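**Student:** return atomic coordinates for the entry below.
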Amino acid sequence: MKPIKSLGKFMMFLNRLFTNREPFKVYVKLFFEECMIIGIDTLPLVAVTGLFMGAVTAVQSAYNLYSPLIPKYLIGTMVRDMTLTELAPTIIGIIFAGKVGSNIAGQLGTMRITEQIDALEVMGINSASYLILPKIFACTAMYPLLVILGASLSLFGGYGAGLLSSLYTSEEYTYGLRYAFDSFIPTFAIIKAFVFAFLVATISAYKGYFTEGGAYEVGIASTQAVTNSCIAILCSDYLLANLLMSR
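**Tutor:** A predicted model of the protein is given here:
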């Protein structure tokens, strides 16, 4: 019964975000501030992850496909498909949950235990909408851009790894990137990015907003936000793959 009760509470929490909202102009400044915190501060981590993710995938694919019967340009094709369909949105999503999700939960949890959220409620402000909606919009706006950046750097990392290790030529790799390209794959990656961003933002905000106790409970809320977000990402990844790739 507890999971069902938590799910119902979560759905009521989402409904509260979009009822009795503040005027739109109130959210504009908050939105751009959150974009800086969520997007810009996460860029270095995404860049490093993307580069090495592509390099490792390319090198491992090259060693596993080492056969005179298999053309080397398929390495580029494998890196492209693995990066766009799975690695970029999902792996970066888990890192995003650890970096941004824990920050959201910790910030809201601290505001809850220090009674700052209660002060907003006394002032007649819908604290859930005022504090959380800008974070959700910023996550859904910035995370797809981070996925695009991570995927691009991953493909570049695979290119650089091939040149450094001499496992394949640049011509073979670039030909493999263009070989049998399905135009729906980038669309699939962006759809996953939007879903993952919404899940991370809402689950983390939910855990932080309803924190009870003191500083110890804030740490627990941050940990639960990350773990629950990762589980939600993996479950939704499976569902989206079944729904969108079986066309």
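**Student:** from here on, contacts and neighbour counts on C-alpha atoms
**Tutor:** Fine.
**Student:** what about Ser229, how many neighbours?
**Tutor:** One way to gauge burial is a neighbour count; for Ser229, by other CA atoms under 10 Å, it gives 28.
**Student:** quickly find the element holding it.
**Tutor:** For Ser229, the enclosing helix or strand under DSSP states H and E is helix 215-244.
**Student:** name the helices or strands packed onto that helix?
**Tutor:** Using 3 or more CA pairs under 8 Å, 6 or more residues apart in numbering; DSSP states H and E as the contact criterion, the neighbours of helix 215-244 among helices and strands are helix 92-96, helix 102-113, helix 184-209.
**Student:** wait, which of these is closest to Leu243?
**Tutor:** When the helices and strands packed on helix 215-244 are ranked by proximity to Leu243, the top entry is helix 184-209, at 10.6 Å, counting by CA to CA.
**Student:** now for the lowest-mean-pLDDT helix or strand in the chain, which elements pack on it?
**Tutor:** Of all the helices and strands that make up the chain, helix 2-17 has the lowest average by mean pLDDT, DSSP states H and E, namely a mean of 80. The elements that helix 2-17 packs onto, with contact taken as 3+ CA pairs under 8 Å, 6+ apart, are helix 127-165, helix 184-209.
**Student:** out of those, nearest to Gly98?
**Tutor:** Using CA to CA as the criterion, the shortest distance between Gly98 and those is 9.4 Å, found for helix 184-209.
**Student:** circling back: which one of the helices and strands packed on helix 2-17 lies nearest to Ile104?
**Tutor:** By CA to CA (comparing all of those), the closest turns out to be helix 184-209, at 6.0 Å.
**Student:** separation between the residue nearest to the spatial centre of the chain and Phe52?
**Tutor:** For the chain, the residue whose C-alpha lies nearest the mean C-alpha position (CA atoms, centre = their mean) is Gly93; its distance is 3.0 Å. In this structure, Gly93 and Phe52 are 16 Å apart, going by CA to CA, to the nearest Å.
**Student:** surely Ser102 meets Tyr206?
**Tutor:** No. Between Ser102 and Tyr206 no contact is recorded; they are 11.6 Å apart, counting by CA atoms under 8 Å.
**Student:** more neighbours: those two, which one.
**Tutor:** When Ser102 and Tyr206 are compared for neighbours, Ser102 comes out ahead with 27 against 23, by other CA under 10 Å.
**Student:** excluding its backbone neighbours, what's nearest that one?
**Tutor:** For Ser102, the nearest residue in space outside its immediate sequence neighbours is Ser222; the separation is 4.7 Å by CA to CA, 6 or more residues apart in numbering.
**Student:** residues touching the one you found, list them.
**Tutor:** Taking CA atoms under 8 Å, 6 or more residues apart in numbering as the criterion, Ser222 is in contact with 101-103, 105-106, 204, 207-208.
**Student:** of those - the most surrounded one?
**Tutor:** Counting neighbours by other CA under 10 Å, the one among the contacts of Ser222 with the most is Gly101, which has 34 neighbours.
**Student:** once you drop chain neighbours, what's closest to that residue?
**Tutor:** The shortest distance from Gly101 to any residue that is not its chain neighbour, by CA to CA, 6+ apart, is 5.2 Å, and that residue is Ser204.
**Student:** so the one you found is in contact with Cys230, correct?
**Tutor:** No. The pair formed by Ser204 and Cys230 falls short of the contact definition of CA under 8 Å, at 10.7 Å.
**Student:** and the residue of the chain most remote from its centre, its phi and psi?
**Tutor:** Within the chain, the residue lying farthest from the chain centre (CA atoms, centre = their mean) is Pro68, at 38.8 Å. With angles defined as degrees, to the nearest 10, Pro68 sits at phi -70, psi -20.
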